[in-house]
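Quick one, fold the following:
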Amino acid sequence: MNEQEKTPSFEERLLEVQKLTGKIESGALPLEDSVKEYERGMKILAELSSELENMNRRVTVLQNGKETEVSDESV
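Next up is the predicted model:
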């Protein structure tokens, strides 16, 4: 996998949502572009929320004394 195909980190995607929010709130974008950016931001937020839920499940398993490897598919 090369650098262009690398998935942005959680933090990078959260920063992207913050940038999108700033663009929308500035009022500088036409309505159609604002809606597209809003949709893009909501998609990213849904992905981030899902990742947080998975991380929370993994931490819960570890806290319950099951220190075995926990894959995303098993939670």
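
contacts, neighbours, all on C-alpha from now
Fine.

what packs against the strand or helix carrying Asp33?
Using DSSP states H and E, Asp33 sits in helix 31-63. Applying 3 or more Cα pairs under 8 Å, 6 or more residues apart in numbering; DSSP states H and E, one finds that helix 31-63 contacts helix 10-26.

Sort out which residues of the helix it packs on are buried, please.
13-14, 16-17, 20, 23-24 (16 or more other Cα atoms under 10 Å).

got those residues as JSON lines, with pLDDT columns?
Below are those laid out as JSON lines (pLDDT from 0 to 100):
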{"residue": "Arg13", "pLDDT": "97"}
{"residue": "Leu14", "pLDDT": "96"}
{"residue": "Glu16", "pLDDT": "97"}
{"residue": "Val17", "pLDDT": "97"}
{"residue": "Leu20", "pLDDT": "96"}
{"residue": "Lys23", "pLDDT": "94"}
{"residue": "Ile24", "pLDDT": "95"}
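
what's the residue nearest the centre of the chain in contact with, if anything?
Against the mean C-alpha coordinate of the chain, by Cα atoms, centre = their mean, the closest residue is Leu48 at 2.5 Å. By Cα atoms under 8 Å, 6 or more residues apart in numbering, the contact set of Leu48 is 10, 13-14.

between these, which is nearest Val59?
Distance to Val59 across those (Cα to Cα) is lowest for Phe10, with 17.0 Å.

Spatially nearest residue to that closest one (excluding sequence neighbours)?
Of all residues not flanking Phe10 in the chain, Leu48 sits nearest, at 6.8 Å (Cα to Cα, 6 or more residues apart in numbering).

What pLDDT does the model give that neighbour?
Leu48 carries a pLDDT value of 97.

Over to Glu5?
Note for Glu5: predicted pLDDT of 72.

how near is Lys43 to Glu5?
Relative to Glu5, Lys43 is positioned 19 Å away (Cα to Cα, to the nearest Å).
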